[in-house]
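> Return atomic coordinates for the entry below.
(chains A and B)
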Amino acid sequence: MTVSVPVEYEVTLPDGKKFEQPAGLFINNEFVKSVSGKTIDSINPATGEVNGSVYAAEAEDVDIAVDAARTAFKSWKKVSGVDRGKLLFKFADEFEKQQALLSSIEAWDSGKTKDQNAIYDVEECIAVFRYYAGWADKIQGKLIQNDAKKLAYTVHEPFGVCGQIIPWNYPLLMAAWKLAPALAAGNVVVLKTSELTPLSLLYVAKIFKKVGFPPGVVNILSGYGATAGKSLASHLGVDKIAFTGSTATGKLIQQAASANLKAVTLECGGKSPLIVRSDADIEQAVKWAAIGIMSNQGQICTSTSRIYVHEDIHDEFVEQYKAHVIADYKQGEMFDGDAVVGPQVSKVQHDKILNYISIGKEEGAKIVLGGEKNTDGALSKGYFIKPTIFTEVQPHMRIVNEEIFGPVVVVGKFKTDEEVVKYANSTQYGLGAAIFTKDITVAHNMASDIEAGMVWINSSNDSDIHIPFGGVKLSGVGRELGEYGLSMYTQAKAVHVNLGTRL
Amino acid sequence: MSKALPLSVPITLPNGIIYEQPTGLFINNEFVYPKQHKTFAVLSPSTEEEITQVYEAFKEDVDTAVDAANAAFHSKWSTSDPSTRTRVLYKLADLVEENAETLAYIEALDNGKSLQCSRGDVALTAAYFRSCAGWADKIKGSVIETGDTHFNYTRREPIGVCGQIIPWNFPLLMASWKLGPVLATGCTTVLKTAESTPLSALFLATLIKKAGVPAGVVNVISGFGPTAGAAVASHPKIKKVAFTGSTNIGRVIMKAAADSNLKKVTLELGGKSPNIVFNDADVKSTIQHLVTGIFYNTGEVCCAGSRIYVQSGIYNDIVAEFKRAAETLKIGNPFDEETFMGAQASQQQLDKILRYIDLGKKEGATVITGGERLGSKGYFVKPTIFGDVREDHQIVRDEIFGPVVTITKFETIEEVIALANNSDYGLAAGVHTDDLNKAITVANKINSGTIWVNTYNDFHPMVPFGGYSQSGIGREMGEEALDNYTQVKAVRIGLKQ
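Purely as a prediction, here's the structure:
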């Protein structure tokens, strides 16, 4: 769609806040139109209407951004860790000053409810930037001392130009998880947002310029995966690609990256199991199990979307769970202060989830809650799907094995620990897992036996920016957050100084 | 001794600015009178005149401060979200920068050092607080695999209530080296300043409160070693004492720690650091580093390069250039922007330095330049270089702690390494050469905690600093500083079989 869209325009949000929305590609600290003039319309998930249009990067724009980053890296790599940390800390402070506005923009474009969801994302963004700001001057190599005739040491160098592709389920937060460690480690970045949620990060781009990041160090492009994303992943001028999104696309990224053997980290899908043993605190398990799938409208890679309850307490659990979701997970549009569950991000997602619900019915699972679009009044205009609980599921069912990415949970039974561990490990995924029990030994052993990058014992989706996050199997490669997340953005160069071996 | 001394006095700085100088003891985030209401005088070393009186802490005041620190440690400070401590340290760094000129002037007034030096101290102070800020939420233990019968992990926990005793040569900077890791790790502290330089830490205390440090976490008291200092070193509720000062007092502190409750001890003591110049050193830049090594901060630096060893091929050039450089240094009024060297910190220090200069002359060393006091008002000493010294001369063995350096010729690498290591101290060393292999080989063989190659007195918040042998125990700055304020707890969980 080629329309002449202004590079910046005023927006009035549904809650009355006004701001200047940039629409250009953020390259070299400036907002520019795409070479082709192509644009993307970003849709409001509660109404189906256009929130705004932005310029869409294609391969030639990616080339320009990568060149800008490459040039910037020549001087950025000489900036000390202390100074990088100072910039990151300043950025966090400025971001914090605009917390309220950013929460509103995020809710408006992504479908997250502002007061129960978006504001927490924005807080976490600030925490992530502050955390990695503190690492910037602390990146240390090692001195290896076993040979007196050699001074041997490692330098933990940045990769250089990092391409980063983020999804639509946490537009600002996924950007923070990617940008902060990459910049702290001394890299320069070209980040592509999701075509479904391009608006909030373009506003944030201004803050990078304001606090003094040199031009070309941070570049932010709106664009489609098949064009801009593919170009970034296969670009010969990009040294590392980091992707968060579906497993199917993750595979394409990894293949594209092979063009120049660039380093690859992937955060892909999940079908994380939540196990409730007979000795569990049922009330707590119910509450965490609700957070685990109904938060963010079920649009979380680590959602614990399969619940396995010991047969002795199954019925009791299901009854409490259903009642809890009805009571505490009110559905509404983003600026409804009481709403916890908003709309799904797009029509495509909405249709996909409804399709899985009908597949579940066909497969013979039983619906005890929801199972349909929400057509209450004004909500019918948007992509609202009611929180849905399936029971009587069997291991072979598609709704048990495939990622639905909506507020739809499947509940199965088990009798023995061995049986449930088998169920837990039976999908292609391995992102998160949750175990509810009072038995330390079982918890520890089950955590060890379950194939997952993260295990929560007596909680679910209880993430923390200091603790590594990522998956095994087809859930991904590499880790984000914590010190581990930082190490994904450096590579070790070994230096040997010959002190005495003469030939 | 004056009951009428207010808890805050206005002081007019030489630049005309008037600031409020706290005079009380900083306990529980308030400035309070000590029990005995005694005060002592604070003199300006560059004029020998009294700046102000401040209140003096005795044992009973140390008890009060320790109780405050203890209560604070058992509050939420060390167990709640560490990113709170990050915010507070970062804010403190910002506040130090906002008040940089005032702090630099206070330091120059109280210690006698030039503004050139004190401004550098203030910048390093802010930088160190900022570096510590980032550590607060990154303190970690390990998980150790010993088989499936157990789950083992270690935690690094804050030690608790600390006592910290700092010297007069870098009053503000030494306060930051002590307070930074305390705040990062969640410990609490009672910090006793040196009796000749109590002012900047009291002013810093106002910024500590403003930064949001909770009451009782940091307590700052002015007082004397044999009373307040001894009370800290032997206090039964203090779990760890950190001391920077002379080796002799370091011994006293360690004994008191052992005799009382075996509190953990870290010490930053004296030094007689060798500064070594090889034939292939670049003369021009080396001279700069020799000057910095002994005349920076009027030579009142624990790691001062106070024994210079020059290889014979370059000896004459170095001596001539070094003499010339020393004679062009500007010494005098600390507040003159051109001044490099201010006054020695006290009458006591001045007397000690002049005694060593006399001794050097008596021992038969040659005064290449300097060798006397400058003027008659203010504790100024001329930059002094002694040549023709022998290794057994006292001026070569003892720490003089002033702008007095010895210079000796050597022939071979092996010889100079032996000379460098012939000391009970082991704080720092300098090596000046163009040859990488030589630099590394010599650096690896010298028994000192810091080796500077082609630089000197060159610090960074992330690089650890501390001594070998009788120069101390433990390291400050760098990640290593956190070890001083944490202790390791191992948790080994037996799993049901």
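> residues touching the residue in the stretch 251-400 of chain B that chain A sits nearest to, list them.
Using CB to the nearest CB, the closest approach of the stretch 251-400 of chain B to chain A is made by residue B:278 at 16.3 Å. Bear in mind the C-beta positions are built from the backbone N, C-alpha and C, glycine included. Neighbouring residues of residue B:278 by CB atoms under 8 Å, 6 or more residues apart in numbering or on different chains: B:311, B:314, B:431, B:432, B:433, B:434, B:435, B:438.
> in what helix or strand does the spatially most central residue of chain B lie?
Nearest to the geometric centre of chain B sits residue B:174, at 4.3 Å (CA atoms, centre = their mean). Residue B:174 belongs to helix B:171-185 when assigned by DSSP states H and E.
> ranges for the helices of the stretch 101-250 of chain A?
Taking DSSP state H, counting those that start in this stretch as the criterion, the stretch 101-250 of chain A contains helices spanning A:119-135, A:171-184, A:199-211, A:230-234, A:247-257.
> Out of these, the one nearest chain B is which?
helix A:119-135 (2.4 Å).
> What average pLDDT does the closest one get?
Averaged across helix A:119-135, the pLDDT comes to 98.
> is chain B contacted by that helix?
Yes. Counting by CB under 8 Å from any CB of the partner chain, chain B is contacted by helix A:119-135 at A:127, A:130, A:131, A:133, A:134, A:135.
> what two of those are the furthest from one another?
A:127 and A:135 (13.2 Å; CB to CB).
> if we can go back for a sec, in the sheet, which strands lie alongside the helix or strand following the helix holding residue B:174, parallel or antiparallel?
Remark: after helix B:171-185, the chain's next helix or strand is strand B:188-192, criterion DSSP H and E. The strands beside strand B:188-192 in its sheet (DSSP bridges) come out as strand B:161-165 (parallel), strand B:218-221 (parallel).
> Distance to residue A:497 added to these, as JSON lines?
Below are the strands paired with strand B:188-192 laid out as JSON lines (distance: least, CB to CB, whole Å):
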{"stretch": "strand B:161-165", "distance to residue A:497": "39"}
{"stretch": "strand B:218-221", "distance to residue A:497": "44"}
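> can I get those in CSV with mean neighbour count, mean pLDDT and distance to residue B:146?
Putting the strands paired with strand B:188-192 into CSV (neighbours: other CB atoms under 10 Å in any protein chain shown; pLDDT from 0 to 100; distance: least, CB to CB, whole Å) gives the following:
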stretch, mean neighbour count, mean pLDDT, distance to residue B:146
strand B:161-165, 29, 98, 33
strand B:218-221, 30, 98, 40
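> Of all the ones you listed, which one comes closest to residue A:318?
Closest to residue A:318 of the strands paired with strand B:188-192 is strand B:161-165 (CB to CB; 52.5 Å).
> so that closest one versus helix B:171-185, what angle?
170 degrees (axes from the mean of the first three to the mean of the last three CA atoms, to 10 degrees).
> Please tell me how far the residue positioned nearest the centre of chain A sits from residue B:302.
Chain A has residue A:174 as the residue nearest its centroid, 4.4 Å off, counting by CA atoms, centre = their mean. From residue A:174 across to residue B:302, the span is 49 Å (CB to CB, to the nearest Å).
> Could you list the domains of chain B?
Domain ranges of chain B: B:8-269+B:473-489, B:274-461, per automatic domain parsing.
> got a list of what the residue in the stretch 351-500 of chain A that chain B sits nearest to touches?
Proximity of the stretch 351-500 of chain A to chain B (CB to the nearest CB) peaks at residue A:441, 4.0 Å away. Residue A:441 is in contact with B:495, B:496, counting by CB under 8 Å, 6+ apart.
> Secondary structure of it: a helix, I assume?
Yes. Assessed by DSSP: H, G, I helix; E, B strand; the rest coil, residue A:441 belongs to a helix.
> what number of residues lie near the closest residue to chain A within the stretch 301-450 of chain B?
Here the stretch 301-450 of chain B gets closest to chain A at one residue, residue B:440, 5.3 Å apart by CB to the nearest CB. Per other CB atoms under 10 Å in any protein chain shown, the neighbour tally for residue B:440 reads 17.
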